[in-house]
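J.: Need a 3D model of the following:
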Amino acid sequence: QVQLVESGGGLVQPGGSLRLSCIASGFTFSTYAMRWFRQAPGKEGNWVGGFTWGSSTATYRDSVVGRFTISRDAAKNTVYLQMNNLKPEDTARYYCNALSTAPHISYWGRGSQVTVSS
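T.: Numbers count the residues shown, from 1 in each chain. Next comes the predicted model:
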């Protein structure tokens, strides 16, 4: 059974940092594209960044470039989202996503809330 479990969210002041973790189980971690998405209240979800299949380099949406870093530890089946210099507009629920190769089956975690406020 595929399972993604996020952790590490919380309340942080503007300019602060958080690191989210996503522990994956039930599938071959290295063969999936691993991504992070976020959804703010009342807004559509957006891709934050991640690794595509076979890639060792993460890509990011423009608004987080230079502030967010995605990494993974294959031995721990874990992907991380390091968020620095957080801004109020980063407030959202952050979701881990695993996407298989064709037929592109997508799995989601339950999310972790990040609130940036003074």
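J.: What are the contacting residues of stretch 55-62?
T.: Under the criterion Cβ atoms under 8 Å, 6 or more residues apart in numbering, residues N46, W47, V48, G49, G50, F51, T52, F68, T69, I70, S71 lie in contact with stretch 55-62. No exception for glycine: its C-beta is placed from N, CA and C like everyone else's.
J.: Would you list the buried entries among these?
T.: For the contacts of stretch 55-62, a burial check counting by 16 or more other Cβ atoms under 10 Å picks out V48, G49, G50, F51, F68, I70.
J.: Show me which pair in those residues is furthest apart.
T.: Spanning the widest gap among the buried ones among the contacts of stretch 55-62 are F51 and F68, at 13.4 Å by Cβ to Cβ.
J.: picking that back up, with secondary structure and pLDDT as extra columns, can I get the buried ones among the contacts of stretch 55-62 in TSV?
T.: Below are those laid out as TSV (DSSP: H, G, I helix; E, B strand; the rest coil; pLDDT from 0 to 100):
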residue	secondary structure	pLDDT
V48	strand	98
G49	strand	98
G50	strand	97
F51	strand	94
F68	strand	98
I70	strand	98
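J.: Out of those residues, which is nearest to V116?
T.: F68 (12.7 Å).
J.: now the closest one, nearest residue through space, not along the chain?
T.: Spatial nearest neighbour of F68, excluding adjacent residues (Cβ to Cβ, 6 or more residues apart in numbering): M83 at 5.2 Å.
J.: beta partners for the one you found?
T.: Beta-bridge pairing of M83 under DSSP bridges involves L18, F68.
J.: residues touching it, list them.
T.: S17, L18, R19, L20, V64, R67, F68, D90, V114.
J.: So how do I select the buried members of these in PyMOL?
T.: In PyMOL syntax, the buried subset of the contacts of M83 is picked out as below (16+ other Cβ under 10 Å):
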select buried, resi 18+20+64+68+90+114
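J.: how far does stretch 8-26 stretch from start to finish?
T.: Taking Cα to Cα, to the nearest Å, stretch 8-26 runs 21 Å from one end to the other.
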